[in-house]
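Chemist: build me a structure from this.
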Amino acid sequence: MKMISMRTAICAGLAAFLLAFGSFALWENVRQAENDARENEARYTKERGEYEGTIGKTLVMSKSATTIGEWEVVRVKAQSLPEAAKNHFTILAQVRTIELLADKRDQLLANAGALFDANGNDPGVKENVKKALEFHERAGEIVQKIESAPENREWNKSLQYRKAYEKYRSLAFLAKEEHGKALDIIADAVGNLTKSLDAAPKDNRTELAIEFLYKRAKEEEAKGAGGGSGTDTGRPRAFPGPGPVGPGTGGSNRPRQH
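Modeler: Numbers count the residues shown, from 1 in each chain. Predicted coordinates:
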């Protein structure tokens with residue numbers, strides 16, 4: 001009887017110990033989970049704060065940027081971001097800046113063209129061209145910094161088309177007698193368009209742009225050989241007209257790198 005009582009007591013004690021240990025272990029697990037949750041929350045709060053102060057802030061700035069100056073701020077801000085975000089916002093800022101500079105340049109060249117058509121001796125022609133050259137050179141410097149991406153065919157297509165367009169516009173700043181230089185620029189632009197076509201075979205816009213430049217090259221060769229058309233007005237090269245402009249199908253189809 002005593003043996004049973006002792007065994008019962010031992011079992012009861014063991015059960016109590018196991019229950020107590022189980023309760024303790026459960027409590028430790030709960031406490032650890034709560035500690036982990038607090039640590040995770042603190043880390044998340046910190047990371048969210050860092051995101052909002054860096055990448056998030058840059059994203060907000062990029063969505064509202066509309067001027068060259070504002071995009072320059074985005075580009076500078078991007079330099080302090082993690083590598084992937086830095087590359088993304090830097091390229092985005094470069095592309096948008098090029099487009100704004102090119103728009104200003106093309107508008108000035110269009111103004112010069114309109115003045116020339118009304119009066120070829122209007123001093124406003126040279127004034128507009130001079131201002132346009134400043135924007136053109138700034139855009140050209142940025143374009144040269146942008147690299148192709150072997151894994152992104154769409155990007156490479158747009159980049160090469162953009163380079164071709166910028167080179168074509170540079171014809172507007174040549175003197176009338178610089179036929180050899182003009183032919184070199186056209187050939188270089190055709191080279192960019194060929195690369196664009198390699199990235200996107202049978203792209204209709206690119207094919208039309210190549211045809212356009214081949215035609216311009218023939219006209220340039222004829223003028224250089226003294227065989228200019230009798231109806232040639234002497235209008236400077238690559239001045240935008242009142243309608244579609246540039247190689248391809250016009251201003252609205254300029255190569256944009258979105």
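
Chemist: residues contacting the strand or helix carrying residue 73, please?
Modeler: Counting by DSSP states H and E, the element that carries residue 73 is helix 68-78. Contacts to helix 68-78, defined as C-beta atoms under 8 Å, 6 or more residues apart in numbering, come from residues 57-58, 61-62, 64-65, 85-86, 88-90, 92-94, 96-97, 100-101. No exception for glycine: its C-beta is placed from N, CA and C like everyone else's.

Chemist: residues in contact with the closest residue to residue 124 other than its chain neighbours?
Modeler: Nearest residue to residue 124, sequence neighbours excluded (C-beta to C-beta, 6 or more residues apart in numbering): residue 115, at 4.6 Å. Each residue near residue 115 by C-beta under 8 Å, 6+ apart is listed here: 122, 124, 125, 128.

Chemist: which among those residues count as buried?
Modeler: Burial by neighbour count, 16 or more other C-beta atoms under 10 Å: within the contacts of residue 115 this picks out 125, 128.

Chemist: most widely separated two among the contacts of residue 115?
Modeler: 122 and 128 (9.5 Å; C-beta to C-beta).

Chemist: shaky segments in the stretch 51-200 of the chain?
Modeler: The model of the stretch 51-200 of the chain has pLDDT under 70 over residues 51-53.

Chemist: repeat that for 50
Modeler: Applying pLDDT under 50 to the stretch 51-200 of the chain flags no residue at all.

Chemist: just to revisit the earlier point, next step: the contacts of helix 68-78 restricted to helices.
Modeler: Under the assignment DSSP state H, the contacts of helix 68-78 contribute 57-58, 61-62, 64, 85-86, 88-90, 92-94, 96-97, 100-101 to helices.

Chemist: now which of those would you call buried?
Modeler: 58, 61-62, 85-86, 88-90, 92-94, 96-97, 100-101.

Chemist: what's the burial count for the residue nearest to residue 131 when sequence neighbours are not counted?
Modeler: Once flanking residues are discounted, residue 131 sits nearest to residue 108: 5.2 Å by C-beta to C-beta, 6+ apart. Applying other C-beta atoms under 10 Å, we find 22 residues neighbouring residue 108.

Chemist: list the contacts for residue 108?
Modeler: Contacts of residue 108 (C-beta under 8 Å, 6+ apart): 128, 129, 131, 132, 135.

Chemist: among these, which one lies nearest to residue 151?
Modeler: residue 135 (32.0 Å).

Chemist: how about the helices in this protein?
Modeler: So, for the chain - with DSSP H - the helices run 2-53, 55-64, 68-78, 83-118, 123-145, 153-169, 179-199, 204-224.

Chemist: return the most buried member of those.
Modeler: For the helices of the chain, average neighbour numbers computed from mean count of other C-beta atoms under 10 Å are highest in helix 153-169, which has a mean of 23.

Chemist: didn't residue 161 look like it was pressed against residue 210?
Modeler: No. Under the criterion of C-beta atoms under 8 Å, residue 161 makes no contact with residue 210, lying 10.6 Å away.

Chemist: which residues are common contacts for the two?
Modeler: Residues touching both residue 161 and residue 210 (C-beta under 8 Å, 6+ apart): residue 193.

Chemist: if we can go back for a sec, out of the helices of the chain, which comes closest to residue 239?
Modeler: Nearest of the helices of the chain (C-beta to C-beta): helix 83-118, 3.7 Å.

Chemist: could you pull up phi and psi at residue 147?
Modeler: The phi/psi pair for residue 147 (degrees, to the nearest 10) reads phi -100, psi 160.

Chemist: tally of neighbours for it?
Modeler: Counted with other C-beta under 10 Å, residue 147 comes out at 10.

Chemist: ok, residue 178 - contacts?
Modeler: With C-beta under 8 Å, 6+ apart, residue 178 has no contacts at all.
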